[in-house]
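K.L.:
I'll drop the sequence and a predicted model, then ask my questions.
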Amino acid sequence: MLKLEDLLKATGAEILQKGAEVFSGVSIDSRTIKKDELFIALQGERFDGHDFLTAALGVGAGAVISRTLEKMAAFEKVMDFEKTGGIQKSILLVEDTLKALQGISHHIRMGRPEMPVVGVTGSNGKTTTKELAAAVLGQKFKVLKSSGNFNNQIGLPLNLCRLGPGHGAAVLEMGASRPGDIRELCDIAMPTHGIITNVGESHLEGFTKGTGGSGADPMETLIDTKLDLARAAGAVVYNADDARLSAAVNREFKGGKAKKLLSFGIGEGADFRARGIVMERSATSFELSAKGRKAARVKLSAAGLFNVYNALAAAAAGLLFDISLEDAARAIMGFGGVPMRYEVMEKAGALILSDVYNANPASMEEALKELARLRGGRAVAVLGDMLELGPYAEEAHRRLGARLAGLSVDVFIAVGPMMALACEEFKSAKGQKFKKGGLAIACADSVSAAEALMKDLRAGDTVLVKGSRGTRMERVLERMGDMHVGK
């Protein structure tokens, strides 16, 4: 519950109109706001919450609106609503409604200063690791976890606003699109523990200038940004097999008595390891192993070596809370996967590897390894553009095309202008080496890619479908739903 007096302290707001003094929560969506919730009128590039005040106040108990003069017209609409017989609602006036949301969430978090908060960041695997970590910590606490992938300056505060008195811990995903993002999120959430899954070429568009001027290496800037979580937290779990990340962590924190470091990985140097890995079509089993602890065997209902790393990160975090490897294994085995993240299924007589939520060079590499491992008949790659790579986009896509040729991919259906460059590289590298029935084609969008696939697909094919969110690669799967293919 949020009291009006606490909201005023958290936001520095002015009361324009006083109505309800207690709110059940906050909302930024007039379509889903609930009775007794406080509406925060955020302004984005394509929307302005002030345009929906009347609808929001028709259900909710109050609103936080901007002080700027151009927004006062929106308040006039609210007053019109009041005059029609609506119950008087509380209206709070602030300079910046986003800062108000962040201030409210920070106030809620600081109301529970003793509660552990685990931040999860990295270039790949954040959402899956967050889900697994929440499951592991759920063996000991009632856990608040990020909803979906709400991991930015809006999503994280909204998640924190769901914190209730029964929660004993929180696991919050933290994303970064530019330098300083992780630091800002840490200032809001005040994490006590951190998990850094890996660092790779993702969202580089926002890191090309860096913090040190136009000559800064964007990867170094990205790593430094991720390390802001380690700087804020008292204990950090990190990937020992990621050479760049491990070197950066050791360089900055090794030997520091105030910081507890716990590494995970498959290699010998990790504090927490996976041994005896057995990879199946849609599952993976391995042994959780840590010094001084009894090992535990676990079967994860998700394929891919990358998911072993995600599970390791979560189980290692559990060690920081004295959760046994047996209990961690039990939690991991109950994990059913995350929608749109690497799912193995059968459609139209073909084995489909679906990973349509997002894509960057590192996650593409891991998905292609799975395509090579699981291929039965032909290997088919239906790949959409990897977005937000800035000036590195062309190089990354051409490199991917050459990589595909080396993996003996038989069919490559490219989606988008950048992936068309990968297709050019693929055809150039293949030359006359195409097997009979080979195909390489560039398509403008995922719908036309689905049509091309449907014309060529054969029973027994193994098909990888992957691309950045903006390419809508799930439409390929939707179009495949009712199709039938020959042998």
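P.N.:
Okay, I see it.

K.L.:
so where is the stretch 101-250 of the chain shaky, pLDDT-wise?
P.N.:
Confidence mapping of the stretch 101-250 of the chain against pLDDT under 70 gives the ranges 209-215.

K.L.:
which stretches of it form strands?
P.N.:
Ranges of strands in the stretch 101-250 of the chain, per DSSP state E, counting those that start in this stretch, are 117-121, 143-145, 169-173, 193-196, 235-239.

K.L.:
what's the closest of the ones you listed to residue 98?
P.N.:
The closest of the strands of the stretch 101-250 of the chain to residue 98 is strand 169-173. By Cβ to Cβ, the value is 17.6 Å. Any C-beta I mention is one placed from the backbone N, CA and C, and that applies to glycine too.

K.L.:
parallel or antiparallel, which strands does the closest one pair with?
P.N.:
Its sheet considered, strand 169-173 pairs with strand 117-121 (parallel), strand 143-145 (parallel) by DSSP bridges.

K.L.:
could you export the strands of the stretch 101-250 of the chain as JSON lines, including mean neighbour count and distance to residue 367?
P.N.:
Formatted as JSON lines, these follow (neighbours: other Cβ atoms under 10 Å; distance: least, Cβ to Cβ, whole Å):
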{"stretch": "strand 117-121", "mean neighbour count": "29", "distance to residue 367": "21"}
{"stretch": "strand 143-145", "mean neighbour count": "21", "distance to residue 367": "25"}
{"stretch": "strand 169-173", "mean neighbour count": "26", "distance to residue 367": "21"}
{"stretch": "strand 193-196", "mean neighbour count": "29", "distance to residue 367": "21"}
{"stretch": "strand 235-239", "mean neighbour count": "26", "distance to residue 367": "18"}
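
K.L.:
reformat the strands paired with strand 169-173 as JSON lines; add distance to residue 189.
P.N.:
JSON lines is the format used below for the strands paired with strand 169-173 (distance: least, Cβ to Cβ, whole Å):
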{"stretch": "strand 117-121", "distance to residue 189": "6"}
{"stretch": "strand 143-145", "distance to residue 189": "11"}
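
K.L.:
of all these, which lies closest to residue 222?
P.N.:
strand 117-121 (10.7 Å).

K.L.:
returning to that earlier point: quick one: closest of the strands paired with strand 169-173 to residue 174.
P.N.:
Residue 174 sits nearest to strand 117-121 of all the strands paired with strand 169-173, at 4.4 Å, using Cβ to Cβ.

K.L.:
of the strands paired with strand 169-173, which is nearest residue 341?
P.N.:
Among the strands paired with strand 169-173, strand 117-121 comes nearest to residue 341, with 14.3 Å by Cβ to Cβ.

K.L.:
adding distance to residue 24, write the strands of the stretch 101-250 of the chain out as JSON lines.
P.N.:
Output for the strands of the stretch 101-250 of the chain, formatted as JSON lines (distance: least, Cβ to Cβ, whole Å):
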{"stretch": "strand 117-121", "distance to residue 24": "22"}
{"stretch": "strand 143-145", "distance to residue 24": "16"}
{"stretch": "strand 169-173", "distance to residue 24": "19"}
{"stretch": "strand 193-196", "distance to residue 24": "29"}
{"stretch": "strand 235-239", "distance to residue 24": "34"}
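
K.L.:
residue 478 is nearest to which of those strands?
P.N.:
It's strand 169-173; of the strands of the stretch 101-250 of the chain, that one is closest to residue 478 (Cβ to Cβ) at 26.8 Å.

K.L.:
returning to what we had before: nearest to residue 87, of the strands of the stretch 101-250 of the chain?
P.N.:
strand 143-145 (31.0 Å).

K.L.:
that's all I had, so thanks and see you.
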